[in-house]
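K.L.:
for reference, the sequence and a predicted model appear below.
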Amino acid sequence: MSKFKAFLERKNIVLSPKRYFIEALAAMAQGLFCTLLIGTILDTLGTQLHIGFLSAAVATVGSGEKAVSYTVGGLASAMVGPAMAVAIGYALQAPNMVLFSLVPVGFATNAMGGAGGPLAVFVVAVVASECGKAVSRETKVDILVTPLVTVLVGVGLAWLIAAPIGRAARAVGDLIMWATELQPFFMGILVSMIVGVALTLPISSAAICSVLGLTGLAGGAAVAGCCAQMVGFAVMSFRENRWGGLVSQGIGTSMLQMGNIVRNPRIWIAPTLTGMITGPIATCLFHLEMNGAPVNSGMGTCGLCGPIGVWTGWVAPSARAIDNGAAAVNPTAFHWLGLILICFILPAVLCWALGLAERRLGWVRDGDLKLNG
């Protein structure tokens, strides 16, 4: 047993929840962001603003009836599987040969996983990466052995489990969306709270939403919860962090407050309650749906991706949203009012008021929300 532990240590294979469910999952979300999310944004901008370079096909794969044409955004989105797999390998500190071999693994797994591709890629890429690391530099023909093991383990495992994982992930996502449609008030509270809390925790709410394929009202509730955390903390901590903190938390991440939350968990009450209020307002009053790429549901105001996702869902719903019955709409003033209130104004006002009440009760003291640096 001691020899096995020594081998794992030598190979930098760390069997820990932190390595897999925090570091790898967060990296996977970055891979999603740089491909699927950016591709969706580019396609929407090209279509809505009539930008020829972004809306025209720049590459065609295949010929005849099987030819598929891609825009710039389409090319970016098509690489989501490889990007997620490589990002996961990078987070697991895989050697270069393993990292590059994860490109075909990610592509194959995402294709086999269907709508639940991201979860399948996560599982398969972790296993393939660790197996590749285990054999890396162990033979004199490493240039052959390492990529062969990584690709064969990854694609073989994907062939066995990607489709079932994809179906399971889709079923869970469908259940959440069905429940939200059936009970928009209570599920609006629940989804908003859970996804919002996940956003601030050192895990990836974006990856979770993408894995579950959250769109529609459930996606709207998730956006509300994420915006409540980010805008809420930004405004609530303004007296400590001023404009720099407003920007870094408001369009960066509320995860910056995790250290302060550990020291005083009560600072988390105001933004979480805010999300529990804005969630059902989004679902019941404004019927706010997020029909862009599911990853947007877990982004909040990070780079304004949550609001952008809602907008892209209005004008060009994602494939996942279309599968769930979504269709393009012409946004009215009521649509825009709901978006602005849920994503920006209500989180700022409600969290500021709740935070002020906490300060007066002595639950939050000056300096409790101060960011380091």
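P.N.:
Ah, there it is. Numbers count the residues shown, from 1 in each chain.

K.L.:
pretty sure residue 329 sits in a helix.
P.N.:
No: counting by DSSP: H, G, I helix; E, B strand; the rest coil, residue 329 falls outside a helix, being coil.

K.L.:
where's the residue nearest to it when sequence neighbours are not counted, which helix or strand?
P.N.:
Spatial nearest neighbour of residue 329, chain neighbours left out: residue 314 (5.2 Å); criterion: C-beta to C-beta, 6 or more residues apart in numbering. Where C-beta positions appear, they are placed from N, C-alpha and C, glycine not excepted. According to DSSP states H and E, residue 314 maps onto helix 305-315.

K.L.:
let's see the helix or strand that comes right after that helix as PDB, backbone CA atoms only.
P.N.:
Under the assignment DSSP H and E, the closest C-terminal helix or strand after helix 305-315 is helix 319-323. What follows is helix 319-323, C-alpha atoms only, in PDB (Å, rounded to 0.1, in the frame of the first residue of the first chain):
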ATOM      1  CA  ALA A 319     -30.200  24.000 -29.200                       C
ATOM      2  CA  ARG A 320     -30.900  22.800 -25.700                       C
ATOM      3  CA  ALA A 321     -33.600  25.400 -25.200                       C
ATOM      4  CA  ILE A 322     -35.100  24.600 -28.600                       C
ATOM      5  CA  ASP A 323     -35.300  20.900 -27.600                       C
END
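
K.L.:
right, and the residue nearest to residue 329 touches residue 326 too?
P.N.:
No: in this structure, residue 314 is not within contact of residue 326 by C-beta atoms under 8 Å, at 9.6 Å.

K.L.:
find the residues that touch each one of these two.
P.N.:
By the contact definition C-beta atoms under 8 Å, 6 or more residues apart in numbering, residue 314 and residue 326 are jointly contacted by residue 291.

K.L.:
show me what the longest helix belonging to the chain is packed against.
P.N.:
In the chain, taking DSSP state H as the definition, the longest helix is helix 142-182. Packing contacts for helix 142-182, counted by 3 or more C-beta pairs under 8 Å, 6 or more residues apart in numbering; DSSP states H and E, involve helix 96-113, helix 117-135, helix 184-200, helix 205-212, helix 216-236.

K.L.:
can you give me the neighbour number for the residue lying closest to residue 51 once chain neighbours are set aside?
P.N.:
Closest residue to residue 51 apart from its sequence neighbours, by C-beta to C-beta, 6+ apart: residue 45 at 6.3 Å. Neighbourhood size, residue 45 [other C-beta atoms under 10 Å]: 16.

K.L.:
run the chain-centre distance for the strand or helix carrying residue 45.
P.N.:
Here residue 45, judged by DSSP H and E, is contained in helix 38-48. Offset of helix 38-48 from its chain centre (C-alpha atoms, centre = their mean, to the nearest Å): 18 Å.
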